[in-house]
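In: Give me the fold of what follows.
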Amino acid sequence: MSRTIIIVGGVAGGASAAARLRRLDEEARIILFERGEYISFANCGLPYYIGGAIQNREDLLLQSPQGFRARFNVDVRVRQEVVSIDRQSRRVEVVDHADGKRYWQAYDKLILSPGAEPIRPPLEGIDSSRIFTLRNVPDMDRIDAFIRENRPQRAVVVGAGYIGLEMAENLRDRGLLVALVEMADQVMPVLDKEMAWYVQRHLENKDVAVWLDDAVAGFEDVSSGLHIHLKSGMQLSCNMAILAIGVRPEVDLARQAGLEIGPRGGIAVNDRLETGDPDIYAIGDAIEVNDLVFGGSALIPLAGPANKQGRMVADILCGRQRRYRGSQGTGILKVFDLAVAMTGASEKQLRNKGMEYEKLYIHPAHHVGYYPGATTMHMKALFDKKGRILGAQIVGHEGVDRRIDLLAVAIRMQMTVYDLQELELAYAPPFGSGKDAVNMAGFVGVNLLDGTTPFRHFDALEPDDFILDVRTRREYERGHVPGALHIPVDELRNRLHELPRDKVICAYCSVGIRSHTACRILNQSGFQARNLGGGYLTYCSFMHHEYDRAESCEQLKKEFCTGL
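Out: I've put the predicted structure just below:
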């Protein structure tokens, strides 16, 4: 007698589980319940339809219910919502939204893939028809229809995470003026602040007005549009707003069934993706997973882990020995023509957990400088005292995806900076360099750990440190660290007498390469020298210098503050 497997929720986790189950078991009865109309759609592509990069709406619908039934022989029931679970009788209660009828459906095994829902705080005016969230195809259609029918000129995006930044870009591409409001003191809060600075600067250069360290206090519909009141007392005027302040796991069904909810608010599962009930499994954005770097539970609502969990739970149900080791939060984001990527731990997470760590900053070109089109990548890597890679962040225009993927593999395989310097990576002038950026991270990390070049970071300077600028005169005159003595590296050997021997000399150049040479000269000449990691470019990110900032940004802010 064939078994019945019920899956609650489609998209990344549920649809992947259903397809894999059928490939492994032709006899099982598989029922997929989806309360909406779409069981498999490209939710990561939704902002790009709104912006116009994806023009055909049907391209986002990966599988129709009819196509899924035909290919995988899955009983797909859309607009039918599972509202309760009777664990003792192993059955679920279903509401058919087409006619409002309720019925019970028995199961042998149950997979919960309910996903996560956008956070909508209980603010005054939050139910305005001009305020939108973006999580699914109907959300996308509502935003697109509002823009087409009302031709708004100004939009405010609340929240500067993944969705917020993607929506800021795509609304700009759609022709709207855009303001971004973030309650943290930086955009992209998953990054460390100095790395987020590159992103903020780029947003402002693309004429996105950015308000940081401020939060929305309430919304107000007015005859001409929408007023957004900030806690600082500022009032922004716009025609529409996008709420992108995060998501929370949808756990009501699991909680009502008496399943354990973890400390972070997600469904608790073991490494076989089992809940406390041996007949019920859970996957996707609704579950807590093992944090691959720190251990313990984490919420990581990303499509990649959800797809893998869907495939894995199908393997487990078909008798295969699989274990879900955990997630590390690898992600990448397009912000206009900038790529922003991260994997593993951030420095602020390591600091909050009291872990010892080292860090490095490098700013390599994505391919050799002599080949046309080379662009700079800003890289930060975090590692423990033995060199094991704990996390990385990269911001740049080209080549970011390849490097973050290499570092993500390094974290999962518990590799060290010593391993990075040995990696043999593909090289040709249009693609990289003989010393790839990932190799360079290894070289710098090893230099730090073995004492070849001791480091100091700009956020850890001591009051008595002596600052030495070893760049060219022209570079120095364009901007320098206050109080720094200027001696170009090529003149250093002949000017050692100008430097103190009773102080720590912290040398910097533009990105840390020439200052590495300077430190080697100094330390072998009897001085106490430290390389200021990442050079003047990293100093600017720590100090939040506003060079290259678009002059139009402040004028744009004024437009949002003057009313409609």
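In: residue contacts, residue 559?
Out: By CB atoms under 8 Å, 6 or more residues apart in numbering, the residues touching residue 559 are 154, 177. C-betas here are computed from N, CA, C, even on glycine.
In: Counting neighbours, what do you get for residue 271?
Out: Counted with other CB atoms under 10 Å, the neighbours of residue 271 add up to 13.
In: Leaving out chain neighbours, which residue sits closest to it?
Out: residue 323 (4.6 Å; CB to CB, 6 or more residues apart in numbering).
In: Quick check: the one you found touching residue 270?
Out: No. The pair residue 323 / residue 270 is not scored as a contact, 9.1 Å apart, by CB atoms under 8 Å.
In: what are the ranges of the strands in the stretch 351-500 of the chain?
Out: 358-362, 377-383, 389-396, 455-456, 466-469, 485-486 (DSSP state E, counting those that start in this stretch).
In: And those: which comes nearest residue 51?
Out: Comparison of the strands of the stretch 351-500 of the chain against residue 51 by CB to CB identifies strand 389-396 as nearest, at 20.9 Å.
In: what's the closest of the strands of the stretch 351-500 of the chain to residue 188?
Out: From the strands of the stretch 351-500 of the chain, taking CB to CB, the stretch that ends up closest is strand 389-396, at 9.3 Å.
In: CA-only coordinates of the closest one in PDB, if you can.
Out: Output of strand 389-396 as PDB, limited to C-alpha atoms (Å, rounded to 0.1, in the frame of the first residue of the first chain):
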ATOM      1  CA  ILE A 389      38.300  31.300   7.900                       C
ATOM      2  CA  LEU A 390      35.200  32.500   9.800                       C
ATOM      3  CA  GLY A 391      33.700  35.000   7.500                       C
ATOM      4  CA  ALA A 392      34.100  37.300   4.500                       C
ATOM      5  CA  GLN A 393      32.600  40.300   2.800                       C
ATOM      6  CA  ILE A 394      33.200  41.700  -0.600                       C
ATOM      7  CA  VAL A 395      31.900  44.800  -2.400                       C
ATOM      8  CA  GLY A 396      32.800  45.500  -6.000                       C
END
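In: Tell me which strands it pairs with, and in which orientation.
Out: strand 338-344 (antiparallel), strand 377-383 (antiparallel) (DSSP bridges).
In: check contacts around residue 214.
Out: Counting by CB under 8 Å, 6+ apart, residue 214 has contacts 181, 182, 183, 230, 231, 232, 234.
In: Most neighbours among the residues you listed, which one is it?
Out: residue 182 (26 neighbours).
In: my guess is that one contacts residue 216, does it?
Out: No. With contact defined as CB under 8 Å, residue 182 does not count as touching residue 216 (10.3 Å).
In: per-residue confidence for the closest residue to residue 177 other than its chain neighbours?
Out: Excluding the flanking residues, the one nearest residue 177 by CB to CB, 6+ apart is residue 154, at 4.7 Å. pLDDT recorded at residue 154 is 96.
In: now residue 154: how far from residue 36?
Out: 30 Å (CB to CB, to the nearest Å).
In: More neighbours: those two, which one.
Out: residue 154 (22 against 17).
In: if I pick that one, what's in contact with it?
Out: 176, 177, 178, 179, 225, 237, 238, 239, 240, 559, 560, 564.
In: residues contacting the residue lying farthest from the centre of the chain?
Out: Outermost residue of the chain with respect to the C-alpha centroid, by CA atoms, centre = their mean, is residue 497; its distance is 48.7 Å. Not one residue lies near residue 497 by CB under 8 Å, 6+ apart.
In: How about residue 28?
Out: Here residue 28 is in contact with 2, 3, 4, 5, 21, 22 (criterion: CB under 8 Å, 6+ apart).
In: got the residues you listed as TSV, with neighbour count columns?
Out: Converted to TSV, the contacts of residue 28 look like this (neighbours: other CB atoms under 10 Å):
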residue	neighbour count
2	11
3	13
4	18
5	25
21	26
22	19
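In: from these, which is closest to residue 330?
Out: residue 21 (26.2 Å).
In: Nearest spatial neighbour of the closest one, chain-adjacent residues omitted?
Out: Take residue 21 and drop its neighbours on the chain: the residue closest to it by CB to CB, 6+ apart is residue 314, 4.3 Å away.
In: tell me which element the one you found is part of?
Out: For residue 314, the host element (DSSP states H and E) is helix 303-317.
In: okay, that helix in CSV with CA atoms only?
Out: Extracted in CSV, the C-alpha atoms of helix 303-317 (Å, rounded to 0.1, in the frame of the first residue of the first chain):
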residue,chain,number,x,y,z
ALA,A,303,16.6,30.4,-1.3
GLY,A,304,19.7,28.3,-1.5
PRO,A,305,19.4,26.6,1.9
ALA,A,306,15.6,26.1,1.3
ASN,A,307,16.2,24.3,-2.0
LYS,A,308,18.8,22.0,-0.5
GLN,A,309,16.6,21.2,2.5
GLY,A,310,13.8,20.3,0.2
ARG,A,311,15.9,17.8,-1.7
MET,A,312,17.4,16.5,1.5
VAL,A,313,14.1,15.8,3.3
ALA,A,314,13.0,13.8,0.2
ASP,A,315,16.1,11.7,0.4
ILE,A,316,15.6,11.1,4.1
LEU,A,317,11.9,10.1,3.6
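In: Tell me the helices and strands packed up against the helix or strand just after that helix.
Out: Next in sequence after helix 303-317, counting helices and strands by DSSP H and E, comes strand 331-335. Applying 3 or more CB pairs under 8 Å, 6 or more residues apart in numbering; DSSP states H and E, we find strand 331-335 packed against helix 162-173, helix 193-205, strand 338-344, helix 400-412.
In: Give me the distance between residue 200 and residue 395.
Out: 11 Å.
In: what's the answer for residue 196, then?
Out: Taking CB to CB, one finds residue 196 at 9 Å from residue 395.
In: which of those two has more neighbours?
Out: Per other CB under 10 Å, whichever of residue 196 and residue 395 has more neighbours is residue 395, with 28 against 25.
In: Spit out the contact partners of the residue positioned nearest the centre of the chain.
Out: Centroid check for the chain by CA atoms, centre = their mean gives residue 331 as the closest residue, at 4.6 Å. Residue 331 makes contacts with 162, 190, 302, 341, 342, 343, as judged by CB under 8 Å, 6+ apart.
In: so where's the stretch 201-350 of the chain shaky on pLDDT?
Out: Along the stretch 201-350 of the chain, no part satisfies pLDDT under 70.
In: Same question for the stretch 51-200 of the chain.
Out: Looking at the stretch 51-200 of the chain by pLDDT under 70, you get an empty list.
In: ok, which stretches of it are strands?
Out: 61-63, 75-78, 80-86, 91-96, 102-106, 109-112, 116-118, 131-132, 154-158, 177-181.
In: Could I get the ones you listed in JSON lines, plus columns for distance to residue 352?
Out: Below are the strands of the stretch 51-200 of the chain laid out as JSON lines (distance: least, CB to CB, whole Å):
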{"stretch": "strand 61-63", "distance to residue 352": "38"}
{"stretch": "strand 75-78", "distance to residue 352": "43"}
{"stretch": "strand 80-86", "distance to residue 352": "37"}
{"stretch": "strand 91-96", "distance to residue 352": "40"}
{"stretch": "strand 102-106", "distance to residue 352": "45"}
{"stretch": "strand 109-112", "distance to residue 352": "31"}
{"stretch": "strand 116-118", "distance to residue 352": "23"}
{"stretch": "strand 131-132", "distance to residue 352": "33"}
{"stretch": "strand 154-158", "distance to residue 352": "25"}
{"stretch": "strand 177-181", "distance to residue 352": "25"}
